[in-house]
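In: the following comprises the amino acid sequence and a computationally predicted model.
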Amino acid sequence: MTRGKVLLVDDDAAIRVVVTEALRRDGHEVRAAASVAEEVALLESFAPDILVTDVILPDGNGLDLVPSILAKRPDLPVIVLSAQNTLTTAVRATEQGAFEYLPKPFDLDELCRAVRDGLKRSRHEDAPPSEDAGLPLIGRSPAMQNVYRMIARVVATDLTVLILGESGTGKELVARALHDLGPRRAAPFVAINMAAIPRELIEAELFGHERGAFTGATARTAGRFEQAAGGTLFLDEIGDMPMEAQTRLLRVLQSGEFTTVGGARPVSVDVRIIAATHKNLAELIADGRFREDLYYRLAVVPVELPPLRRRGGDVALLARHFLERAAAGGLPRKRLDAASVDRLAAHGWPGNVRELENLMRRLAAIARDPVIPAAMIDAQLAPVEIGGATPAETLSEAVAAHLGRLFLAHGGGLPPPGLHARMLAEVERPLLEATLAAVRGNQLRAAELLGINRNTLRKKLTELGVAPVRGK
């Protein structure tokens, strides 16, 4: 086992005691510091082989000190610990030159393993690749911390990444962040969804075509590979790529060249490939629907995004974030109370982050009060059958029940005149609000969706007092 001198810096006395004992059991010599001042002194007097440091310290920021430490000791592995479990912290740690980042609370065995790996690296044994990254994702759950750390290790490289995860987990967001925060950020990011393109057109879309290559090809057209030159090509839903196109893609990955449809001259390509799928590629390979050799070319670095149901407290963080975004886009500002958060946390989220975002935007549009009640969330999350009816109640049944309660409320008498207009307004108002929210305030598209003309829509918005939604 690789043993060495470890300097531990943390202002929490309990952490210092527990970690020191664990590292000593592993055979290391350990010194502990509670502040930046003590850390600086021990770096000189103790001359550690590895540094384990917290970020927030009483007299400074442990992360800010890392570059100056590495300037003097470039061979010193630094492991950063932090209770600020955000991707920003993880990325900043790698940008500052840290060997590893561990969010609190951390697993002692994992920390001990990281110390051993760091000591091996400092002694030129099994050195890991350099790290640098950045990614604007939201979430502090352990499942997302693993994603952050994996991304931080590869963002500054040209390695091919395969993003795996259920629909709605944010695969394109990860791909965009890998591009925007990597060395190719100044070049184009080009995305293509294999499931959205007819099979017979995929090769022309990817590689471009020459004039006359097929009926309707009246001019040479650059494909996505050429459009992404110097940048990143994101191949979404790669599991839907037909076998013929898979074969051509494999040749491009092997040779760095392609030919356009109808062309003969090889075209050199310089792009980073990021692929994504929600499908089980192992099953597709077994069924003969996906090339195994292409899989290994794409999955140089696999990144698995967890479904929202495995992200615990991230649901509340994301929900509030989406409400803020809705408000920034012109919808009324709304917030959640504790009961509403509990309802969201209990939901299974089959549509993942996308489902949550759509729900928050819809609630921002239709909720009357500043605080979204738990009952409204229950109603919105109720299962819906094809055709728009819930198992327990159709819209007509809901209206009938509402009318029944209305008549009962008048003790056997009758409600005031104008019932027809009031009932239509009660149904029509949320219909208009939800439609405007869905089209991000575009009244022309809203009118088309509703099947009415734009002037009629404007008149109804004025009559019902529905505020316009600013598009983004």
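Out: Looks like it arrived, so ask away. Numbers count the residues shown, from 1 in each chain.
In: what about the strands in the stretch 301-450 of the chain?
Out: 301-304, 335-336, 371-372 (DSSP state E, counting those that start in this stretch).
In: need these in a markdown table (columns: distance to Lys279, mean neighbour count and mean pLDDT).
Out: All C-beta atoms are positioned from the backbone trio N, CA, C, and that covers glycine. A markdown table is the format used below for the strands of the stretch 301-450 of the chain (distance: least, Cβ to Cβ, whole Å; neighbours: other Cβ atoms under 10 Å; pLDDT from 0 to 100):
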| stretch | distance to Lys279 | mean neighbour count | mean pLDDT |
| --- | --- | --- | --- |
| strand 301-304 | 13 | 16 | 95 |
| strand 335-336 | 34 | 18 | 92 |
| strand 371-372 | 35 | 19 | 94 |
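In: got the ones you listed as TSV, with distance to Glu200 columns?
Out: Output for the strands of the stretch 301-450 of the chain, formatted as TSV (distance: least, Cβ to Cβ, whole Å):
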stretch	distance to Glu200
strand 301-304	30
strand 335-336	48
strand 371-372	47
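In: could you check how far Lys104 is from Ala143?
Out: Distance of Lys104 to Ala143, computed by Cβ to Cβ, to the nearest Å: 16 Å.
In: over to Arg333?
Out: From Arg333 to Ala143 the distance is 30 Å (Cβ to Cβ).
In: the two: which has the busier surroundings?
Out: Neighbours of Arg333 and Ala143, each counted by other Cβ atoms under 10 Å, are more numerous for Ala143; the result is 16 against 11.
In: so which helix or strand takes in that one?
Out: For Ala143, the host element (DSSP states H and E) is helix 142-154.
In: what's the local residue count around Leu444?
Out: So Leu444, with other Cβ under 10 Å, has 11 neighbours.
In: my guess is it contacts Asn455, does it?
Out: No - if you go by Cβ atoms under 8 Å, Leu444 and Asn455 don't touch, sitting 11.2 Å apart.
In: what distance separates the helix or strand encompassing Ile69 from the centre of its chain?
Out: Assigned by DSSP H and E, Ile69 falls within helix 66-72. Chain-centre distance of helix 66-72: 32 Å, with Cα atoms, centre = their mean, to the nearest Å.
In: what does it rub up against?
Out: Leu43, Leu51, Thr53, Leu76, Val78, Val80, Ala93, Gln96, Gly97, Ala98 (Cβ atoms under 8 Å, 6 or more residues apart in numbering).
In: a helix runs through the second one, doesn't it?
Out: No - when the secondary structure is assigned by DSSP: H, G, I helix; E, B strand; the rest coil, Leu51 falls in strand instead of a helix.
In: picking that back up, what's the closest of the strands of the stretch 301-450 of the chain to Met241?
Out: Closest of the strands of the stretch 301-450 of the chain to Met241 is strand 301-304, at 17.3 Å (criterion: Cβ to Cβ).
In: tell me the strands beside that closest one, with direction?
Out: Paired neighbours of strand 301-304 in the sheet (DSSP bridges): strand 161-164 (parallel).
In: got the buried residues for the very next helix or strand once past the partner strand?
Out: Sequence order places helix 171-180 as the next helix or strand after strand 161-164, per DSSP H and E. By neighbour count with 16 or more other Cβ atoms under 10 Å, helix 171-180 contains the buried residues Lys171, Glu172, Leu173, Val174, Ala175, Arg176, Ala177, Leu178, His179.
In: give me the distance between the nearest residue to the first one once chain neighbours are set aside and Arg73.
Out: Meaning Lys171. Leaving out its chain neighbours, the residue that sits closest to Lys171 by Cβ to Cβ, 6 or more residues apart in numbering is Ala276, at 4.0 Å. Note on Ala276: its distance to Arg73, by Cβ to Cβ, is 40 Å.
In: the more surrounded of those two?
Out: Shown here are Ala276 and Arg73; by other Cβ under 10 Å, Ala276 has more neighbours (27 against 16).
In: that one: which element?
Out: strand 272-277.
In: could you list every helix and strand in contact with that strand?
Out: Counting by 3 or more Cβ pairs under 8 Å, 6 or more residues apart in numbering; DSSP states H and E, the packing neighbours recorded for strand 272-277 are strand 161-164, helix 171-180, strand 232-236.
In: which of the ones you listed sits closest to Pro266?
Out: Of those, nearest to Pro266 by Cβ to Cβ is strand 232-236, at 17.6 Å.
In: quick one: contacts of the very next helix or strand once past that closest one?
Out: Moving toward the C-terminus from strand 232-236, the next helix or strand (DSSP H and E) is helix 243-255. By Cβ under 8 Å, 6+ apart, the surrounding residues in contact with helix 243-255 are 160, 202-203, 206-207, 225, 235, 241, 258, 269, 273, 289-291, 293-294, 297-298.
In: can you flag the buried ones in those?
Out: 160, 202-203, 206-207, 225, 235, 241, 258, 269, 273, 289-291, 294, 297-298.
In: remind me which residues of the stretch 201-350 of the chain are low pLDDT?
Out: 215 (pLDDT under 70).
In: what segments of it are helices?
Out: With DSSP state H, counting those that start in this stretch as the criterion, the stretch 201-350 of the chain has helices at 202-207, 224-227, 243-255, 281-286, 292-298, 314-328, 338-346.
In: what's the most buried one of those?
Out: Across the helices of the stretch 201-350 of the chain, averaging neighbours per residue (mean count of other Cβ atoms under 10 Å) puts helix 202-207 on top, at a mean of 22.
In: what's it in contact with?
Out: Taking Cβ under 8 Å, 6+ apart as the rule, helix 202-207 contacts 192, 194, 197, 213-214, 217, 221, 223-225, 241-242, 244-245, 248-249, 258-261.
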